[in-house]
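A.B. asks: Quick one: sequence plus predicted model below, questions after.
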Amino acid sequence: MTQQDYSRYFRGLYNVSGFDGTIESDFLKLGSVPDDRKPDLIDYNLKGFDDYRTALQNYLKAVFPTDYNNFAASDLGQMLLEMFAYMASVNTLRADMTANEMYIDTVKDPDNLKRLLQLIGVTMRGPTSSKATGKLTLPPEVTLSTDVVVPQGSRTISVLSDRSNVPLLYTMTRQLNDGSLDLFNRDLTIPQADFTNNEVSDIFLLEGSFETQTGAFATDSTRQTIELRNGPVVEGSIGVSSTEGIIYNEISNLFVASGGTDPVFEKVYTDGFNAVLRFGDGVRGRIPTPGETFIVNYRRGGGENGNIARGIINKSVTLSHGGVPVNGTLVNITKGTGGSPAETVEHAKRYGPYFFRTQYRAVTGEDYNALANSFVGTTGKTAKAMASLRKNGAAANVIDMFVLSKASETQLERASVAFKKELLDYMQQYKMLTDDIVISDGVVRTLDIVASVFIDRSNERFEDNIKQKAANKLQEYFSVDRVNFGQRLDLADLQNFMLTVPEIRFFTVDNLERDIPVNFNEIVQLNNFEFSVEFV
């Protein structure tokens, strides 16, 4: 049988000689993503460089499947893609930071928090200075016949900090009869009757240099201001007077001025803790007389470096007795306490909103707590306070306020009589008319901790560094701003807090078997601690 040639029937349909048995398709081009559907491929929940890079690669694969398929790290296209991912991650981070910095609950930058609180009339507290008690001794051959004067130039004492070996300046001052400090006189006068055997032992030594600024009130303004450029200005140290004999006192906000004749001012911190003093407008506080000369006395300094040991100050001081120069000896007979940096973000975020809600009136226990814990005395001391309302009969309107003063970031101490009087006078301005305030000493429950820190054996060479991190974390847990009156020591909470140090695998408290409860007027304070390291 002869074989038939059927190719003539398929001629024109396809090239038979070119067919190799494989059927190819243009399905990639036919299935390309339309322009109106490309936005559907965008993921708006991306965060970070890796997410952006992966999303851009997936987008290229979906939209340009045949035009670009080289995803090697060395390819120029990948370099451009990663540059876009980098810029997107940076912009996202800045957007998140900007959003977070706009709310008190999430803000982290102190300057931003300060501005947010100023919008609601709350001012963040500036640095506070340490205070020690000094003894001034005159030579035995001096027979006192008149008052002793410490000139302004001799009131400032220079020493080296025993904490950091940096220079410190201390200013000599004394309490007035009403318990306040003399903030208005340049020279310090010590009455002859206060000396016993040529010694006087109630000199206040306040860390910070004594500064004086003079000028004249503006003649073309109804709202007078004074700018103090030589900061950091210490809290509670400012005294303003004028040559017409008027003394202006600092208040927290001009809103609480009692009337248009009240000689008061408010302080607003600026960058570097310089300060602007704002005076009344005739409705809220007295308007200073235009053109009148003013004198501002204040101290600059503050911080923890001023918390010195007893006896660090032992200096000769030039005094004036009856116009005759006399050399006396000044020694600090108590350690310096109370020096602290500016208010922390954590403390301001905690008490700032409460302080705003008080509207400068103490009605509830929360109001009393917020006002008291935001108080700064003229000696620089800050309070740790807790208000308790009596609920029995005729004493139902008595507010018991248990108070301790802040000695350092991690230590509290019994408040002095002068500090408690200042706090009581401060609270009298805001309390309800029918309330009576009784200020009592809080109780400090000191605690020793012996603990074991478990770390990986591979970190053995970093043992000392990890122990230091653990020590810092433990002190942070017991910091003054973190602990409260009546707050029990929860061992599980302490362990979880310590585990936030990445190198610590486990943490146990060896000398305590159970949680430690405290009474409502007691507060737990860390005394000594000791770590042993276990390798796992």
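C.D. replies: On my side now, so go ahead.
A.B. asks: Please make it C-alpha for all contacts and neighbour counts, starting now.
C.D. replies: Noted.
A.B. asks: ok, and Lys469, which helix or strand is that part of?
C.D. replies: With the criterion set as DSSP states H and E, the secondary-structure element containing Lys469 is helix 463-477.
A.B. asks: And for that helix, what's in contact with it?
C.D. replies: Contacts made with helix 463-477 from outside it, assessed by Cα atoms under 8 Å, 6 or more residues apart in numbering, are listed as Thr410, Val453, Val483, Leu494, Phe497, Met498, Val501, Glu503, Ile504, Leu526, Phe531, Val533.
A.B. asks: Closest one of those to Leu188?
C.D. replies: The nearest member of these to Leu188, counting by Cα to Cα, is Thr410 at 33.5 Å.
A.B. asks: Contacts only, for that closest one.
C.D. replies: Residues touching Thr410, when contacts are defined by Cα under 8 Å, 6+ apart, comprise Gln475, Glu476, Phe478, Ser479, Val480, Gln525, Leu526.
A.B. asks: again, only this time at 10 Å
C.D. replies: With contacts defined as Cα atoms under 10 Å, 6 or more residues apart in numbering, Thr410 is in contact with Gln475, Glu476, Tyr477, Phe478, Ser479, Val480, Asp481, Arg482, Val483, Gln525, Leu526, Asn527.
A.B. asks: Phe454 too?
C.D. replies: Taking Cα under 10 Å, 6+ apart, we find Phe454 in contact with Glu503, Ile504, Arg505, Phe506, Phe507, Thr508, Ser532, Val533, Glu534, Phe535, Val536.
A.B. asks: so Ala342 sits right up against Gly126, yeah?
C.D. replies: Yes - with contact defined as Cα atoms under 10 Å, Ala342 and Gly126 form a contacting pair (4.3 Å).
A.B. asks: Quick check: Met87 is in a helix.
C.D. replies: Yes - assignment of Met87 by DSSP: H, G, I helix; E, B strand; the rest coil places it within a helix.
A.B. asks: What about Asp510, how many residues nearby?
C.D. replies: Neighbour count of Asp510, defined by other Cα atoms under 10 Å: 12.
A.B. asks: Find the nearest non-adjacent residue to it, please.
C.D. replies: Distances taken as Cα to Cα, 6 or more residues apart in numbering place Ala451 nearest to Asp510, at 5.2 Å, with adjacent residues excluded.
A.B. asks: Assign a three-state SS to the one you found, would you?
C.D. replies: Once three-state DSSP is applied, Ala451 turns out strand.
A.B. asks: what's the spacing between it and Gly153?
C.D. replies: Taken as Cα to Cα, to the nearest Å, the spacing of Ala451 relative to Gly153 amounts to 51 Å.
A.B. asks: Which of those two has more residues huddled nearby?
C.D. replies: Ala451 (17 against 13).
A.B. asks: Kindly indicate the member of the contacts of Thr410 with the most neighbours.
C.D. replies: Each of those was scored by neighbours using other Cα under 10 Å; the highest score is Val480's, at 22 neighbours.
A.B. asks: closest to Lys381 among the contacts of Thr410?
C.D. replies: Val480 (13.1 Å).
A.B. asks: pretty sure the closest one is touching Ser408, no?
C.D. replies: Yes - taking Cα under 10 Å as the definition, Val480 is a contact partner of Ser408 at 8.0 Å.
A.B. asks: where does this structure dip in pLDDT?
C.D. replies: Within the chain, the stretches with pLDDT under 70 are 1-32, 178-180, 380, 393-394.
A.B. asks: mind listing the helices for it?
C.D. replies: According to DSSP state H, the chain carries its helices in the segments 7-10, 27-30, 49-63, 76-100, 110-119, 345-358, 365-373, 417-428, 463-477, 491-498.
A.B. asks: Rebuild the ones you listed as CSV, extending it with distance to Glu141.
C.D. replies: Converted to CSV, the helices of the chain look like this (distance: least, Cα to Cα, whole Å):
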stretch, distance to Glu141
helix 7-10, 137
helix 27-30, 109
helix 49-63, 79
helix 76-100, 67
helix 110-119, 55
helix 345-358, 53
helix 365-373, 48
helix 417-428, 34
helix 463-477, 50
helix 491-498, 60
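A.B. asks: Point out the most buried one among those.
C.D. replies: Mean neighbour count (mean count of other Cα atoms under 10 Å) peaks for helix 365-373 among these, with a mean of 21.
A.B. asks: how far is that helix from where the chain is centred?
C.D. replies: Shown here is helix 365-373, whose average C-alpha point lies 18 Å from the average C-alpha point of the whole chain (Cα atoms, centre = their mean, to the nearest Å).
A.B. asks: same for it, what does it pack against?
C.D. replies: Helices and strands in packing contact with helix 365-373 are listed as helix 345-358, strand 383-389, strand 398-406, helix 417-428; criterion 3 or more Cα pairs under 10 Å, 6 or more residues apart in numbering; DSSP states H and E.
A.B. asks: Among these, which comes closest to Glu211?
C.D. replies: For the helices and strands packed on helix 365-373, proximity to Glu211 was assessed by Cα to Cα; helix 417-428 is nearest, at 23.2 Å.
A.B. asks: Compute the inter-axis angle for the closest one and strand 383-389.
C.D. replies: With axes from the mean of the first three to the mean of the last three Cα atoms, to 10 degrees as the criterion, the two stretches helix 417-428 and strand 383-389 enclose an angle of 50 degrees.
A.B. asks: how about the CA coordinates for helix 417-428, as CSV?
C.D. replies: What follows is the C-alpha trace of helix 417-428 in CSV, where atoms were taken according to Å, rounded to 0.1, in the frame of the first residue of the first chain:
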residue,chain,number,x,y,z
VAL,A,417,10.1,69.8,110.6
ALA,A,418,10.8,72.8,108.3
PHE,A,419,9.9,70.6,105.2
LYS,A,420,6.7,69.4,106.8
LYS,A,421,5.7,73.0,107.7
GLU,A,422,6.3,74.1,104.2
LEU,A,423,4.2,71.2,102.9
LEU,A,424,1.4,72.0,105.3
ASP,A,425,1.4,75.7,104.3
TYR,A,426,1.3,74.6,100.6
MET,A,427,-1.6,72.2,101.1
GLN,A,428,-3.6,74.8,103.1
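A.B. asks: Residues in contact with it: which ones?
C.D. replies: The list of residues contacting helix 417-428 from outside it, by Cα under 10 Å, 6+ apart, reads 175, 178-181, 251, 360-362, 368, 371-372, 375-383, 401, 403-405, 414-416, 435-441.
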